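S.K.: predicted model, plus sequence, below.
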Amino acid sequence: MMDFSLTSEQKMVRDMVRRFAEQELEPNMEEWDEAEAFAPWVFDRMAEQGILGHCLPTRYGGGGMDYITLGLVCEELERIDTSFRVVMSVHIGLCSFGILQWGTEEQKQKYLTPLAKGEKLGTFGMTEPNAGSDVAAIETVAERKGDEYILNGEKMWISLADTADTFVVIARTDPTAGHRGISAFIVERDMPGFESEEIHGKMGIRAGDTGSFTMQDCRVPAENLLGEEGEGFKVGMSCLDGGRYTVAAGAVGLIRACLETSKKYSMERETFGKPIAEHQLVQQMIARMARDEEVTRLLVYKAGWLKNEGVRNTRETSLAKWYGCDAAFRAAEDAVQIHGAYGYSNEYPVERYLRNSKGAVIYEGSAEIQTLLQASYALGMRKDKPLRCELPGWPFEE
Ligand SMILES: Cc1cc2nc3c(=O)[nH]c(=O)nc-3n(C[C@H](O)[C@H](O)[C@H](O)COP(=O)(O)OP(=O)(O)OC[C@H]3O[C@@H](n4cnc5c(N)ncnc54)[C@H](O)[C@@H]3O)c2cc1C
């Protein structure tokens, strides 16, 4: 049996996040985007309402909701601005899910609980100045000395780099072993040798903190190794299964925002004696947005359902992310087109949607990387094997 209906709890969370985003975020968006800043109270409000932990197990202080609910939260946040969905991507999708999947019970108690309660913010540091898509090229090193690892290196283009407390960091423990010589660590901001900096001048997601951090002889206790030594590539890639899901779900919200704004404008604006909504070429753009909202949502629901079932979903999540982000970029471009010269100015939010939408075509595996991944599945060149640790399905064990 197939059931696309939402439960009353899912609807309740969705409506609560929608109200929060419309009432507390939207009125500030223009100002925050312009100033490349956001107010820290947003995180406090997100924490208060449980948004930062809805979809984590109650035994670690979360709300115990399922992966579809997480998708709905991301959709509602990105409908207003991508910056706030990015918070969910790094805090939940990449960092918290990474610890939930690979962490020891002690690590989960120590790190996941404050993340789930929204007392701490988490993120994920893989990208470096000289290594993005090619993860095996990372240069950050982690050297074991007694009961510590000493980390040295720089991470760049990291969301919440200057704000987060808890970092899942990917580093090299064996310089001779390629992707098998990579390990993952849980690093805290206040560990000695850790420093971060904001990056300014981004095209979009300007209300979000993106930055870099350096680790100089940063001493990390050996018990903060996430997974086993040499397992970091797998840890990093499986974190991306969580992150990409939130990005894809956010894309549904961005397409929806483009469609809502374009519908309204096209019914008000007249050319040649009638609303532009009556011109077939404008209708074509509207129809494409309606189609892509629906298709992306279906792809997200499929990936979310697989996550609930506890079934490996790397292929389906990549497909949702790839399709959804391309579609959101196209929807934003069309939304600007429909608004004509007004769309080219900040009088309407569509130019912000366009700037925001480009980021997701690049991060969490660029469109080219997703294309390669999908080709390798389609050609039978890639088959996923079960991992030593899988992200738990839903309902979570309490
Ligand atoms: C706003 C923002 C937030 C981010 N947040 C984070 C974060 O929180 N944590 C984190 O670790 N990273 C983060 N990133 C980094 C992001 O994941 C990387 O930018 C991304 O993986 C691409 O790496 P790169 O920029 O180094 O591009 P490169 O890897 O240098 O690629 C450049 C271009 O070449 C293409 N290319 C590369 N290899 C191939 C190939 N084999 N075949 C075809 N084309 C190829 C790419 O698709 C791209 O178009 C963020 C980036 C942005 C913009």
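M.R.: Structure's in. What do you need? This structure is a prediction, so every number in the text was calculated from the model and none was measured.
S.K.: so, low pLDDT: which residues of this structure?
M.R.: Within the chain, no stretch has pLDDT under 70.
S.K.: for the ligand, what are the nearby residues on it?
M.R.: Neighbours of the ligand within the chain, by CB under 6 Å from any ligand atom: 90, 123-127, 132-134, 157-159, 205, 210, 359, 362-364, 366, 368-369, 372. For glycine as for every other residue, the C-beta is placed from the backbone atoms N, C-alpha and C.
S.K.: return a ChimeraX selection command for the buried portion of those residues.
M.R.: Burial among the residues of the chain next to the ligand is assessed by 16 or more other CB atoms under 10 Å; the matching ChimeraX selection reads:
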select :90,123,124,125,126,127,132,157,158,159,205,210,359,363,364,366,369
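S.K.: among the residues of the chain next to the ligand, which are in strands?
M.R.: Taking DSSP state E, the ones among the residues of the chain next to the ligand that sit in strands are Thr123, Phe124, Gly125, Trp157, Ile158, Ser159, Thr210.
S.K.: who does the last one form a beta bridge with?
M.R.: Thr210 forms beta bridges with Ser159, as assigned by DSSP bridges.
S.K.: swap in the first one?
M.R.: Thr123 has these beta-bridge partners by DSSP bridges: Phe167.
S.K.: what sits against the residue of the stretch 101-250 of the chain found nearest the ligand?
M.R.: Nearest residue of the stretch 101-250 of the chain to the ligand: Gly132, at 1.9 Å (CB to the nearest ligand atom). By CB atoms under 8 Å, 6 or more residues apart in numbering, the contact list for Gly132 reads Trp157.
S.K.: the one 5 residues further on now?
M.R.: Each residue near Ala137 by CB under 8 Å, 6+ apart is listed here: Asn130, Ala131.
S.K.: again with Thr58
M.R.: So Thr58 contacts Gly64, Phe396, Glu398 (CB under 8 Å, 6+ apart).
S.K.: give me the beta-bridge partners of the nearest residue to Pro221 once chain neighbours are set aside?
M.R.: Closest residue in space to Pro221, ignoring its immediate chain neighbours: Glu148 at 5.9 Å, by CB to CB, 6 or more residues apart in numbering. With DSSP bridges as the criterion, Glu148 is bridged to Lys145, Pro221.
S.K.: quick check: Glu148 touching Ala222?
M.R.: Yes - in this structure Glu148 lies within contact range of Ala222 using CB atoms under 8 Å: 6.0 Å.
S.K.: for the two, indicate the residue with more neighbours.
M.R.: Glu148 (17 against 13; other CB atoms under 10 Å).
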